[in-house]
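>>> after the sequence you'll find the predicted model.
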Amino acid sequence: MDDITVDDYSDITTGYLKKTVLKVNFIIAMAALVLVLSLVTIRLGAADMSYGDIIHTLIHKDDPVMTWTVYDWRLPAIIAAILCGSALGLTGSVMQGILRNPMASPSTLGISNAAAFGAGFGIMILGGGVMSAQTVNNPYTVTVAAFVFAMVSVGVILLLIKLTDSSPETVILAGVAIGAIFSSAHGFLQYFASEATLSTIVFWQFGSLSKASWTNMPIIFFALLMAFVYFFYKRWDYNAMEAGDDMAGGLGVNIRNTRITGLIVSSFVTAIVVTFMGVIGFVGLIAPHIVKRLIGSDYRYRLVGSALVGATVMLVSNIFAAHVLPAAIGTSVPVGIITSVIGGPVFIAILIGRRSRIC
């Protein structure tokens, strides 16, 4: 075997630096895209505002009408799209890594189905009530019930893991089973619901940014922040696990604890998002795949990239749901429908691309 020369080391260093610059530039570009999409979304709507007016209002708040339009009417949905998309993209990236399954996402573990059942249970059984079409009488009861049942699903999965093992296959299969159980229970509630109650349950199940408010966004923000800090702290463990459990274990990673703790943190953040905004599919599935395809699987960059791509997907979906479709068909639709419409073809394209590279 030939000895490695100084020039070889220089070439390796240059190649590494080029890849690092590419990853950093990707993150900067995605952050700029999120900012641009946010400004574009604020401008869209019945009220005619220039970008200068928007920036002036964001800084000074001296016009009551403009301030209400920007801060109370348009900005909550935009901030919610960024936070929820970031949370789903981030947790999806971690789940796919620790479970070593490209199909893993926040919805894989049945959390969304459990939260949907909890919301229906709160509306029908716990006195959440129906005030009018698609509106509940006591949203706090419904929110708490949705969160409790989402965490119940996590607890059941963790119990099954403890009774068996913590292998990725066990986690995925347990999630599928729990999701099927809560989906059936949710269908049972819908079958016996009145017409008005059924309409409300179905509307809640669709992910919608219309539920966003300045009251619930701080909760989502701090949950996302704490999760990101923890995930970034464990980034080297996740990188090691990409090489397989045996390799990671040889490097000193506690596989079982890392997998279970990552699963708990991801599930907690997902439960909060689903509880406040409803079921939003595919964001946590496609965002990590897009990032991995473009800049690789290094979690030092993949975590941030997945969060930003998730936020971008949510913002684009919100533009279609709240502005493009109303102009075309006369009514807006829940953003969760649009994420599925966009996410399905994108994920198929990713799978075809992976197959082409393998062949």
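Nice, I can see it. If you're wondering where the values come from, they're calculated on a predicted model, not measured in any experiment. Residues are numbered from 1 along each chain as shown.

>>> just the element for the nearest residue to Phe221 once chain neighbours are set aside, please.
Of all residues not flanking Phe221 in the chain, Leu83 sits nearest, at 5.8 Å (CB to CB, 6 or more residues apart in numbering). C-betas here are computed from N, CA, C, even on glycine. Assigned by DSSP states H and E, Leu83 belongs to helix 75-98.

>>> any chance you could map the helices in the stretch 201-350 of the chain?
217-233, 235-241, 245-250, 255-277, 283-295, 299-319, 325-329, 335-358 (DSSP state H, counting those that start in this stretch).

>>> wait, what's in contact with the nearest residue to Gly118 once chain neighbours are set aside?
Leaving aside its chain neighbours, Gly118 sits nearest to Phe149 (3.1 Å; criterion: CB to CB, 6+ apart). Residues in contact with Phe149 (CB atoms under 8 Å, 6 or more residues apart in numbering) are Ala114, Ala115, Phe117, Gly118, Phe121, Phe182.

>>> possible to save those as a markdown table with secondary structure?
Listed next are these as a markdown table, based on DSSP: H, G, I helix; E, B strand; the rest coil:
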| residue | secondary structure |
| --- | --- |
| Ala114 | helix |
| Ala115 | helix |
| Phe117 | helix |
| Gly118 | helix |
| Phe121 | helix |
| Phe182 | helix |
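
>>> and which of those is nearest Val65?
Checking the contacts of Phe149 against Val65 by CB to CB gives Ala115 as the nearest, at 37.2 Å.

>>> my guess is that closest one contacts Thr275, does it?
Yes - assessed by CB atoms under 8 Å, Ala115 is found in contact with Thr275 at 5.8 Å.

>>> Met124 against Tyr191, yeah?
No - look at Met124 against Tyr191 with CB under 8 Å: they stay out of range, at 11.2 Å.

>>> can you tell me the element the residue nearest to Gly118 falls in?
Judged by DSSP H and E, Phe149 forms part of helix 139-163.

>>> more crowded one of Met124 and Tyr191?
Of the pair Met124 and Tyr191, Met124 is the one with more neighbours under other CB atoms under 10 Å, namely 20 against 8.

>>> which pLDDT value goes with the more buried one?
With respect to pLDDT, Met124 has a value of 84.

>>> got the angle between the helix holding Leu83 and helix 299-319?
Here the directions of helix 75-98 and helix 299-319 differ by 140 degrees (axes from the mean of the first three to the mean of the last three CA atoms, to 10 degrees).

>>> for helix 75-98, what is the average pLDDT?
Mean predicted confidence for helix 75-98 is 93.

>>> continuing past the lengthiest helix in the chain, what's the next helix or strand?
Longest helix in the chain, counting residues (DSSP state H): helix 6-43. Following helix 6-43 in sequence order, the next helix or strand is helix 51-60 (DSSP H and E).

>>> does the next helix or strand after that following helix pack against any helices or strands, and if so which?
Where DSSP H and E defines the elements, the next helix or strand beyond helix 51-60 is helix 64-67. Helix 64-67 sits against helix 51-60, with contacts defined as 3 or more CB pairs under 8 Å, 6 or more residues apart in numbering; DSSP states H and E.

>>> just checking, what packs against the helix it packs on?
Against helix 51-60 (3+ CB pairs under 8 Å, 6+ apart) you get helix 6-43, helix 64-67.

>>> which one of those lies nearest to Ala287?
helix 6-43 (10.3 Å).

>>> before we move on, the earlier item: make JSON lines from the helices of the stretch 201-350 of the chain and add mean neighbour count to it.
Putting those into JSON lines (neighbours: other CB atoms under 10 Å) gives the following:
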{"stretch": "helix 217-233", "mean neighbour count": "16"}
{"stretch": "helix 235-241", "mean neighbour count": "20"}
{"stretch": "helix 245-250", "mean neighbour count": "14"}
{"stretch": "helix 255-277", "mean neighbour count": "22"}
{"stretch": "helix 283-295", "mean neighbour count": "24"}
{"stretch": "helix 299-319", "mean neighbour count": "26"}
{"stretch": "helix 325-329", "mean neighbour count": "11"}
{"stretch": "helix 335-358", "mean neighbour count": "15"}
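
>>> so for Asn25, which of those helices sits nearest?
helix 283-295 (9.3 Å).

>>> just name whatever secondary elements that closest one is in contact with.
helix 6-43, helix 75-98, helix 299-319, helix 335-358.

>>> can I get these in CSV with distance to Phe231?
CSV is the format used below for the helices and strands packed on helix 283-295 (distance: least, CB to CB, whole Å):
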stretch, distance to Phe231
helix 6-43, 15
helix 75-98, 6
helix 299-319, 6
helix 335-358, 22
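
>>> weakest of these by average pLDDT?
helix 335-358 (a mean of 76).

>>> returning to that earlier point: tell me which of the helices and strands packed on helix 51-60 sits nearest to Gly252.
Taking those one by one with CB to CB, helix 6-43 is closest: 23.7 Å.

>>> one step back: the residue nearest to Gly118 and Val156, how far apart?
In this view, Phe149 and Val156 are 10 Å apart by CB to CB, to the nearest Å.

>>> again with Val269
Taken as CB to CB, the span from Val269 to Val156 is 18 Å.

>>> check His323 too.
40 Å.

>>> higher neighbour count, these two?
Val156 (19 against 15).

>>> which residues does that one contact?
Ala174, Ile178.

>>> thinking again about what came up before, looking at the helices and strands packed on helix 283-295, spot the one closest to Phe203.
helix 335-358 (10.7 Å).
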